[in-house]
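Engineer: structure for this input, please:
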Amino acid sequence: MTYEQYLPAAFVHDPVEGDMRRGSPEIVLYNPAPEPCEATLTVYFTDRDPAVLKPVAIKPETNELIVFPRYAPDVLTDSGYIGLKCVSTTPLLLNLIDGVRLVVPEPQFRGGCTNFHGTKLDTIWRVPDGLWLEWNKQYNGDLSKAPFPFNELEYYHFLNPNSQDAEIEMRIKYSDRDAHDINRPEGVIGSTQTLRWTLGAERVMVWSNLEQVPYCVPFTARVCSSVPITTTAVRYIYGLRGFDEWGLQPHMDLWAIPGPLPE
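Structural biologist: You can find the predicted model right below:
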């Protein structure tokens, strides 16, 4: 018997002049079973066909650490955004620690990271907590009023491992509650926004809410797909004056919840 799980959000890149983003995912495969396990990872990319990596052996009741790109440098070096499928001979527990880090000129707030578990596929996903915090816009450049020493944005990751394209609709619903007791952009409270994409077969896609949603307005999101996919989100922090101030750092993961509403 085999078991199948998916991880949609990982990023592999070494900083170079002109692109100072850093990404080196760490994947932990924990085998809780009393017998040994063999796991095979398939990597999905934004712009090329998937690649199957060499199998990983995991001893009973222990774990193995896989670091990208070191595990398969010929396939993974500078591969950018990727998704993963894990097929295993025992029911593994997966943990992915990852996140883009933009380090310019000197990193700050370096303690944050993401933490994702493996998922199944579904045609419906819900994100309960979306937000783009942008204090410069909110306070018309008077950053002395900002309640935090940073702004926040989010990246949403989508993985379609199927042999056919996925038609994806993301419906965003804006909250009618105050965000940190601030004034809201007019015409936003309680409104909706719908985004649509075609995600190619066996591909991953990343969407950022930077400049794509109203600033400082909480929202929820429902993602519907024509074929089963997996999705998740990451919240990042950056300087009050933009990325060039001290970069972009992971803040937290925002798990999406699969399936229809319970009866």
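
Engineer: do a quick rundown of the helices in the stretch 51-200 of the chain.
Structural biologist: Assigned by DSSP state H, counting those that start in this stretch, the stretch 51-200 of the chain shows helices spanning 73-76, 135-138.

Engineer: quick one: closest of those helices to D253.
Structural biologist: D253 sits nearest to helix 73-76 of all the helices of the stretch 51-200 of the chain, at 21.4 Å, using CB to CB. Any C-beta I mention is one placed from the backbone N, CA and C, and that applies to glycine too.

Engineer: which of the helices of the stretch 51-200 of the chain is buried the deepest?
Structural biologist: Comparing the helices of the stretch 51-200 of the chain by mean neighbour count (mean count of other CB atoms under 10 Å), helix 135-138 ranks first with a mean of 19.

Engineer: who's in contact with that helix?
Structural biologist: 143, 145-148, 151, 182-183, 215-216, 240-242 (CB atoms under 8 Å, 6 or more residues apart in numbering).

Engineer: pull the most distant pair out of those residues.
Structural biologist: Pairwise over those, using CB to CB, the maximum falls at N183 and G242, 22.2 Å.

Engineer: still on that earlier bit, tell me which of the contacts of helix 135-138 fall in strands.
Structural biologist: N151 (DSSP state E).

Engineer: for A201, which of the helices of the stretch 51-200 of the chain is the nearest?
Structural biologist: Nearest of the helices of the stretch 51-200 of the chain (CB to CB): helix 73-76, 19.3 Å.

Engineer: thinking W125 is in contact with P260, fair?
Structural biologist: No. Under the criterion of CB atoms under 8 Å, W125 makes no contact with P260, lying 10.7 Å away.

Engineer: which one's more surrounded, these two?
Structural biologist: For W125 and P260, the more surrounded residue by other CB atoms under 10 Å is W125, and the numbers stand at 26 against 9.

Engineer: tell me the contacts of the more buried one?
Structural biologist: 222-223, 225, 229-231, 256-258.

Engineer: which intervals of this structure have sub-threshold pLDDT?
Structural biologist: 106-111, 177-190, 263 (pLDDT under 70).

Engineer: next, P260: phi, psi?
Structural biologist: Note on P260: backbone dihedrals following degrees, to the nearest 10 are phi -70, psi 170.

Engineer: quick one: contacts for the closest residue in space to it that isn't next to it in sequence?
Structural biologist: The shortest distance from P260 to any non-neighbouring residue, by CB to CB, 6 or more residues apart in numbering, is to I124 (5.7 Å). I124 makes contact with 222-225, 258-260, according to CB under 8 Å, 6+ apart.

Engineer: go again with 10 Å.
Structural biologist: By CB atoms under 10 Å, 6 or more residues apart in numbering, the contact list for I124 reads 222-225, 228-229, 256-261.

Engineer: likewise for A256?
Structural biologist: Counting by CB under 10 Å, 6+ apart, A256 has contacts 8, 119, 122, 124-128, 156-158, 221-223, 230-233.
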